[in-house]
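Engineer: Provided below for reference: sequence and predicted model.
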Amino acid sequence: MRIHPNFKLNGTALTANELVEVGYSLVKERKPYEVAIGDFLLDWCNEEDVITVNTSGSTGKPQPITLKKGHMVNSALATGSCFNLSAGDSALLCLPAEFIAGKMMLVRAMVLGLELDYVAPSSTPLKKLRKKYHFVAMVPIQVEHSMQQLNQIKTLIIGGAKLSRALAQSLLTKNHNAFETYGMTETITHIALKPVNGTHFITLPKVKVTLDKRSCLVINAPEIGVQDMVTNDVAALISETEFEWLGRYDNIINSGGIKILPEQLEAKLSGVLPMRFFITGISDTVLGQKVALIYEGDEKPTAIEDSMTSVKSLSKYERPKKILGIPKFPETRTGKIRRKETLALLNVE
C-alpha cells in the first residue's frame, strides 16, 4: 500500500521500505504493544489486499474477521475529511494496535500523512507528554484520567465503550472538541459521530442507516464494504443519516412483561453514581428477570441505594431489585467491562 510522503512515526519520516524495517525491528526487539504495532506495519506493507483483525471480545470471545485494505483506506479518508485533517497534522496512538481502533490510527497516519507518535496503552496516556496533538482517539477510562491535559488535544474521538453522562458533562466544562463514536470492527471503527453536547449520532459521508423489525440499526456503507449489516443496537431513527442510540437488543431486560433497556437506565443513574457500574437482568422466579445493578468498588449497597433516591425519573420497574459490588471489573484489552465474566464471578445469572 502507498505511504503518504508526509507520514512520520515518532518523529521519523519513513518510506514503505523503511517502514518494513521498522516493523521487523519492533517485532524482534520491543515491548508487547510495540510488537503489535510492528506486526500490523508488516501486514500493511505486504502484497496481500486484506488484513485479518480480531473483534474486541466485549460480548464474547474475540473473533477473527477479514477486512480489505482498500476499505480501510476509504475509512481513513472519510475520517480525514470529517475532521479536516491535513498532511503534517500531529496524532497520537495510545490504543492497543491488536484491535481495529489502534490499527486505524496507524492507517489514518499513513494514508493522510499525519505525524504519529505512539505510547504504551494505559489509563493515563498523556501523563508524560507535553506536546499538543491535532487528533487523538481514546476510550472513556483514558479520557477520565486525562482531564487536566485535554487542552493538549484539538480533536478527540471517544469509543470502545459508552460515554457516561457524568464524563460527558466533565468534558463540556473543558470546552473540548470531543466526539463520541459509533462503530465496530466490522465497520472499520466509527461510521457515525456525536458531539459530547449532542443528542444524536450523525453518520459519516456515504453512510446510511435504517431500522429492522426489532428497531435495530441496519447499516449501509458501500465505501467500506458494508451492505445491509444488521446490528443488535436499538435506535430511534431521525433520518437515514441521523439516529439516537438507545441500547443493545441482547441486553433488554424482560421483567414481568415490562421491557427495560439497561443502557437507558444507566444513563439516568450515571449522574449520581460516581463509580463504574452496569445494569443487567438476573433470574427471578416471579418476574422472570429482575433489574440488578453491579458496581465496582467497596461502597456499601445501602449507600448505592440511598444515592438512587434522588433520581425521580426512576419508575418502580426500573429501580434495581438487587445491588451487588465487585472490587474490580474484568476488562477487555480495550477497557470494556466483561459483563458475563463479572456475573459469573458474582455467581448470578
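Structural biologist: The structure has been received and is ready for your questions.

Engineer: Kindly state the domain boundaries assigned to this protein.
Structural biologist: 8-205, 252-345 (automatic domain parsing).

Engineer: what's near enough to touch the residue positioned nearest the centre of the chain?
Structural biologist: For the chain, Gly160 is the residue whose C-alpha lies nearest the centre (CA atoms, centre = their mean; 1.6 Å). Contact analysis of Gly160 by CB atoms under 8 Å, 6 or more residues apart in numbering lists Ser56, Leu95, Ala101, Val139, Pro140, Thr334, Gly335, Lys336. The C-beta positions use only the backbone N, C-alpha and C, and glycine is treated the same way.

Engineer: Now do the contacts for the third one.
Structural biologist: Under the criterion of CB under 8 Å, 6+ apart, the neighbours of Ala101 are Leu95, Ala137, Val139, Gly159, Gly160, Thr189, Thr334.

Engineer: redo that, cut-off 10 Å
Structural biologist: 56, 93, 95, 137-139, 157, 159-160, 181, 183, 185, 188-190, 334 (CB atoms under 10 Å, 6 or more residues apart in numbering).

Engineer: now the residues you listed: which count as buried?
Structural biologist: The neighbour-count test (16 or more other CB atoms under 10 Å) marks 56, 93, 95, 137-139, 157, 159-160, 181, 183, 185, 188-190, 334 as buried among the contacts of Ala101.

Engineer: before we move on, back to that, need the worst-confidence member of the contacts of Gly160.
Structural biologist: Here the lowest pLDDT out of the contacts of Gly160 sits on Thr334, with 67.

Engineer: Tell me the secondary structure of the residue of the chain most remote from its centre, please.
Structural biologist: Residue farthest from the centre of the chain, counting by CA atoms, centre = their mean, is Val286 at 36.5 Å. Following DSSP: H, G, I helix; E, B strand; the rest coil, the label given to Val286 is coil.

Engineer: correct me, but it touches Gly256?
Structural biologist: Yes. Val286 lies in contact with Gly256 (CB atoms under 10 Å); the separation is 7.5 Å.

Engineer: Please identify the most buried of the domains of the chain.
Structural biologist: domain 8-205 (a mean of 18; mean count of other CB atoms under 10 Å).

Engineer: residue contacts, Gly225?
Structural biologist: Contacts of Gly225 (CB under 10 Å, 6+ apart): Leu67, Lys68, Gly70, His71, Met72, Asn74, Ser75, Glu186, Thr187, Ile188.

Engineer: redo that, cut-off 8 Å
Structural biologist: Counted by CB under 8 Å, 6+ apart, Gly225 has contacts Leu67, Lys68, His71.

Engineer: that older thread, can you name the two of the contacts of Gly160 that are farthest apart?
Structural biologist: Ser56 and Pro140 (13.8 Å; CB to CB).

Engineer: residues in contact with Phe135?
Structural biologist: Contacts of Phe135 (CB under 8 Å, 6+ apart): Phe83, Leu85, Asp89, Ser90, Ala91, Leu92, Arg108, Leu114, Ile153, Lys154, Thr155, Ile157.

Engineer: quick one: the helices in the stretch 101-250 of the chain?
Structural biologist: Along the stretch 101-250 of the chain, the segments classed as helices by DSSP state H, counting those that start in this stretch run 140-144, 165-173.

Engineer: and the ones you listed, which one is worst for confidence?
Structural biologist: helix 165-173 (a mean of 85).

Engineer: With only the CA atoms kept, save that helix in CSV.
Structural biologist: Only the C-alpha atoms of helix 165-173 are listed here, as CSV (Å, rounded to 0.1, in the frame of the first residue of the first chain):
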residue,chain,number,x,y,z
ARG,A,165,-23.4,11.4,31.2
ALA,A,166,-21.1,12.4,34.1
LEU,A,167,-17.9,12.1,31.9
ALA,A,168,-19.7,14.0,29.1
GLN,A,169,-20.5,16.8,31.4
SER,A,170,-16.9,17.0,32.6
LEU,A,171,-15.7,17.2,29.1
LEU,A,172,-18.1,20.1,28.4
THR,A,173,-16.5,22.1,31.3
